[in-house]
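Chemist: Build the 3D model from these lines:
(one chain, ligands or ions: 1)
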Amino acid sequence: MYGHTWNANFDGDLEFSRSDVKDVCGKYPAILGLDLGGIELGAAENLDGNGFALMREAAIKHHERGGIVSLSWHLRNPLTGGDAWDVSSDRVVASILPGGPSHKEFVLWMDRAADWILSLRDADGKQIPVIWRPWHEHSGNWFWWGRKHCTDAEYIALWRMNHDHFRQRGIEGLVWAISPNYMEHDFEQWETRYPGDAYVDVIGLDCYAGEDREAYIRQMRAGLNSLQQTCARHGKILAVTETGQEGLPDPKWWTGALAPAIEGFPVSYVLTWRNASDRPTHFYAPYADHPAAADFKKWIAKNRIPML
Ligand code: BMA
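Modeler: Just a heads-up that it's a prediction; the model follows:
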C-alpha cells in the first residue's frame, strides 16, 4: 500500500501495482502484512494512516495475485485510552476478560475487527483466509499484553477469548500465529503463555537486527532453534513473523545476516517490517537504487524465494 516516499492512500493507485520489493526485483513479495490498529475505535484509518477501505482492496488484490495476507493488531489500550505501548496499568487484560469491567466494550472492539476480516471476500463471495497474529511480542514488556503487564493465565484467556469470539462470528480459515520476541534470557519461558494446540497454527519469531551481524545471527538461531523444537512437539508451522534491520545500513544484510540466521531451519515465511512513506529511515526492505538492492536480489535468486 505504500513504500519509501510513496503512498497509494494519496496517489490513487487502486490497482496497488507498486511495491518497493517489486521495484527492486520485478516481483511482489508473497506475504503482505497489514495492521488493524485503530479499527477497534471505528476509525477510517489505521494508526499509520492507512485507510481501512483501501486496505480491504489491497488485501483482496494480493489474494487474487496468489499472495498471503498477514494481519497484526496494534490496538489501543482499552483501559487508559492510550496506545498499544501504554503500559501504565497492569490491569488492562484482566479488565477486558469475561466478568471484567471493560469486557462489554472490548467485545465491540473485537466485533469491529471481525467485521473487517469478514469483509475480505473473493469474487465468489468466499472468505479469504488470512494469518491473524494478535498479542504479539508478549515476551517483551512494551505492549499492554506483555509479560510484566498480565499473568500467564490472563494472557491465555485473552487469546482464547479472541479465538472463540472470532469463531462465533463465523470467521473461517483464520491461521492463528503466535509470535514471541527473542529474549537473551529465559526465552523458553514464553511457553508458559502458549494458548494450546487448538488455538495456534503458526509459531513465529520476532527478532530485529542492530549493527552487529553476529549478535543478530546468534539471537535468531537461538530463537528459531527453540521454536523449531516447540513446533515439532506441537505439530505447528515455524515462521519469522517480524524481522529486519531498520534503515538497512548494511548493504549485504540479506546474504550476510538474514541468510546465515535462518539457514537450515524450516521457516515457512519471513516478514520484514514496513517501509514507511513518511519517515526517511523507517524501512526494512530495499527500494530501487538502495545500496542493499543488489544483495537483496541475490538472496531472492539464490534461495529461490517464492515471489508473485
Ligand atoms: C511499529 C512501527 C510503528 C507502527 C507500528 C504498526 O513497529 O512501524 O511506526 O505504527 O509498527 O505498524
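Chemist: which helix is the longest one in this structure?
Modeler: The longest helix of the chain (DSSP state H) is helix 213-234.
Chemist: For the nearest residue to Leu41 once chain neighbours are set aside, list the residues it contacts.
Modeler: Computed as C-beta to C-beta, 6 or more residues apart in numbering, the closest residue to Leu41 that is not its neighbour in sequence is Arg76, at 6.5 Å. For glycine as for every other residue, the C-beta is placed from the backbone atoms N, C-alpha and C. Listed by C-beta atoms under 8 Å, 6 or more residues apart in numbering, the contact partners of Arg76 are Gly37, Gly38, Glu40, Leu41, Gly82, Asp83, Ala84.
Chemist: For Arg76, grab phi and psi.
Modeler: With angles defined as degrees, to the nearest 10, Arg76 sits at phi -70, psi 170.
Chemist: hmm, back to that, tell me how far the longest helix of the chain is from the chain's mean position?
Modeler: Counting by C-alpha atoms, centre = their mean, to the nearest Å, helix 213-234 is centred 18 Å from the centre of its parent chain.
Chemist: Show me what from the stretch 151-300 of the chain comes close to the ligand.
Modeler: For the stretch 151-300 of the chain, the contact set with the ligand under C-beta under 6 Å from any ligand atom comprises Trp273, Arg274.
Chemist: Low-confidence ranges, the stretch 151-300 of the chain, go.
Modeler: Nowhere does the stretch 151-300 of the chain drop to pLDDT under 70.
Chemist: Please enumerate the strands of this structure.
Modeler: 2-3, 6-7, 31-35, 68-72, 130-133, 174-178, 202-209, 237-245, 270-272 (DSSP state E).
Chemist: Quick one: residues in contact with the second one.
Modeler: Taking contacts as C-beta under 8 Å, 6+ apart, the residues outside strand 6-7 that touch it are Met1, Arg18, Gly49, Ser277, Asp278.
Chemist: Let's see that with 10 Å instead.
Modeler: For strand 6-7, contacts defined as C-beta atoms under 10 Å, 6 or more residues apart in numbering pick out 1, 13, 18, 20, 23, 48-50, 275-278, 287.
Chemist: Report whether it contacts the ligand.
Modeler: No: Strand 6-7 lies apart from the ligand when judged by C-beta under 6 Å from any ligand atom; the minimum separation is 13.9 Å.
Chemist: for the fifth one, same thing?
Modeler: No: using C-beta under 6 Å from any ligand atom, strand 130-133 stays clear of the ligand, with a minimum separation of 12.0 Å.
Chemist: so what secondary structure elements neighbour that strand?
Modeler: The contact analysis (3 or more C-beta pairs under 10 Å, 6 or more residues apart in numbering; DSSP states H and E) places strand 130-133 against strand 31-35, helix 52-64, strand 68-72, helix 103-118, helix 152-168, strand 174-178, strand 202-209, strand 237-245.
Chemist: Dump the C-alpha coordinates for that strand into PDB.
Modeler: C-alpha atoms of strand 130-133 as PDB (Å, rounded to 0.1, in the frame of the first residue of the first chain):
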ATOM      1  CA  VAL A 130      -5.600 -14.800   6.400                       C
ATOM      2  CA  ILE A 131      -2.900 -15.100   9.000                       C
ATOM      3  CA  TRP A 132      -4.100 -13.500  12.300                       C
ATOM      4  CA  ARG A 133      -1.200 -12.500  14.500                       C
END
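Chemist: Which part of the stretch 151-300 of the chain gets nearest to the ligand, residue-wise?
Modeler: For the stretch 151-300 of the chain and the ligand, the shortest gap (C-beta to the nearest ligand atom) falls at Arg274, measuring 5.4 Å.
Chemist: How about the contacts made by that residue?
Modeler: The neighbours of Arg274, taking C-beta under 10 Å, 6+ apart as the test, are 1-4, 33-35, 48, 50, 244, 282-285.
Chemist: buried residues in stretch 200-207?
Modeler: Val200, Val202, Ile203, Gly204, Leu205, Asp206, Cys207 (16 or more other C-beta atoms under 10 Å).
Chemist: Mind telling me the two of the contacts of strand 6-7 farthest from one another?
Modeler: Asp23 and Gly49 (21.1 Å; C-beta to C-beta).
Chemist: With neighbour numbers in mind, choose between these two.
Modeler: Using other C-beta atoms under 10 Å as the criterion, Asp23 and Gly49 rank with Asp23 on top: 18 against 14.
Chemist: and the gap between the residue lying closest to that one once chain neighbours are set aside and Gln229?
Modeler: Of all residues not flanking Asp23 in the chain, Ala288 sits nearest, at 4.2 Å (C-beta to C-beta, 6+ apart). Ala288 sits 40 Å away from Gln229, going by C-beta to C-beta, to the nearest Å.
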